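1. 3D model of this:
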Amino acid sequence: MPWRRLFLTGPAVAWLGERWALVVGMAFETGAMLTLAFAGQGWLLFAMAPIFALGGIGMPALQSLTTQQVDSDRQGQLQGVLASIVSLASVFGPLLFSAIYASVRHDWPGMIWIVAICIYCLALPLMVGIRRAPAAAKNPAE
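-> Residues are numbered from 1 along each chain as shown. Got it, this is the predicted structure:
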């Protein structure tokens with residue numbers, strides 16, 4: 001079916017462009033998290049899973065935008081930095097969110113999703129500030 005190809009990352013980015021694919025991906029994830037924050041039934045977590053999956057088009061678009069910011073000699077360094085950030089988030093994210101959840105679970109368990117949305121909002125200016133133009137400047141050492 002032709003409509004299925006729309007939700008794959010490559011065709012979605014080709015159709016929307018990197019910046020809009022990032023915005024649409026973040027909107028899907030934010031909408032799903034906001035729904036879960038106020039969910040009264042556990043089955044809504046399963047209902048929101050496809051919405052979270054649609055949000056997956058944002059991260060490849062973000063990586064594409066960031067790779068356009070450095071010249072070809074620095075691509076390996078950029079990929080190393082991105083992998084390091086993902087590793088740090090994989091270590092400290094669960095620690096941070098489990099501590100936050102432990103403190104708010106008795107009052108409002110959905111608050112953890114609001115905290116995640118707030119962290120997204122903190123990252124939004126950084127993501128919007130990425131310029132589209134590729135890094136064509138020459139190395140100053142040349």
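
2. Give me the local confidence score for Ala89.
-> Looking at Ala89, its pLDDT reads 91.

3. next one: the one 10 residues further on
-> At Ala99 the predicted local confidence, pLDDT, stands at 94.

4. mind checking the longest helix of the protein?
-> helix 75-104 (DSSP state H).

5. gap between Gln69 and Cys121?
-> 22 Å (Cβ to Cβ, to the nearest Å). The way it works is simple: take the backbone N, C-alpha and C, and place the C-beta from them, glycine included.

6. quick one, which of these two is more surrounded?
-> Gln69 (14 against 11; other Cβ atoms under 10 Å).

7. Now do the SS call for that one.
-> Following DSSP: H, G, I helix; E, B strand; the rest coil, we place Gln69 in the coil state.

8. quick one, phi psi at it?
-> The phi and psi values for Gln69, taken as degrees, to the nearest 10, are phi -90, psi -10.

9. And the helices in the chain, which stretches?
-> Using DSSP H, helices in the chain cover 2-5, 9-16, 18-37, 43-54, 58-67, 75-104, 111-128.

10. what angle separates the longest one from helix 111-128?
-> Put plainly, it is helix 75-104. 150 degrees (axes from the mean of the first three to the mean of the last three Cα atoms, to 10 degrees).
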